[in-house]
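# here's a sequence, model it:
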Amino acid sequence: DDDGMVPVEVARSLGQIGGDQANDACMKALHHDKSVFVRVEAAKSLGQMGGDQARTACVKALKDDEEWKVRRCAARALGQLEGDEARDACIKALHNDTDPYVLTEVAKILGQISVEQAKAALQQASRRVDVPYAVHEAPGNI
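Okay, the predicted model is just below:
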């Protein structure tokens, strides 16, 4: 189909359908689809469906995807998926990512986690001059 929105809608719908096949399809799309928009919807769907494999896929996307939109949605999905792996990936992104939208998203997520490790990471990151205002605000929200 020449309509580029069809794969986007499919990725979006998979999150509502759920199940192992939908999860597998979203993980494949998140890591291999050329379309930024398909990868964004795949990350959102994985956040809705949950599970360890979804969490691992979103961690990889947050770390490795070249597009900030995908990394931001992967971070948002990790906020839904929770767990130590999700928290640790957000802390790493806070230190390593340079995109203000991604940094803002991980700061929001970490600001919602009342864990000393997250708080320390936010306090350290808030000293950087190149981070968005939300990162500077987040430690006070814990």
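
# check contacts around R71.
For R71, the contact set (CB atoms under 8 Å, 6 or more residues apart in numbering) comprises A61, L62, D65, A93, D97, D99, V102. C-beta: built from backbone N, CA, C; applies to glycine.

# so who does the closest residue to E67 other than its chain neighbours touch?
In space, and not counting its chain neighbours, E67 is closest to V36: 4.8 Å by CB to CB, 6 or more residues apart in numbering. Residues in contact with V36 (CB under 8 Å, 6+ apart) are E67, K69, V70.

# tell me the pLDDT at V36?
Confidence at V36, expressed as pLDDT, is 94.

# against D64, how distant is it?
In this view, V36 and D64 are 14 Å apart by CB to CB, to the nearest Å.

# ok, V38 next?
From V38 to D64 the distance is 16 Å (CB to CB).

# what about those two, which has more around it?
V38 (24 against 11; other CB atoms under 10 Å).

# these two touch, right, that one and A25?
No - in this structure V38 lies outside contact range of A25 using CB atoms under 8 Å: 10.7 Å.

# common neighbours of the two, please.
A11.

# contacting residues around L30?
So L30 contacts R39, A42, A43, L46, A57, C58, A61, V70, A74 (CB under 8 Å, 6+ apart).

# as TSV, those residues with distance to S13 and pLDDT would be great.
What follows is the contacts of L30, written out as TSV (distance: CB to CB, whole Å; pLDDT from 0 to 100):
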residue	distance to S13	pLDDT
R39	15	95
A42	11	94
A43	15	96
L46	13	95
A57	18	97
C58	19	97
A61	19	98
V70	19	98
A74	19	97
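
# good, wrapping up.
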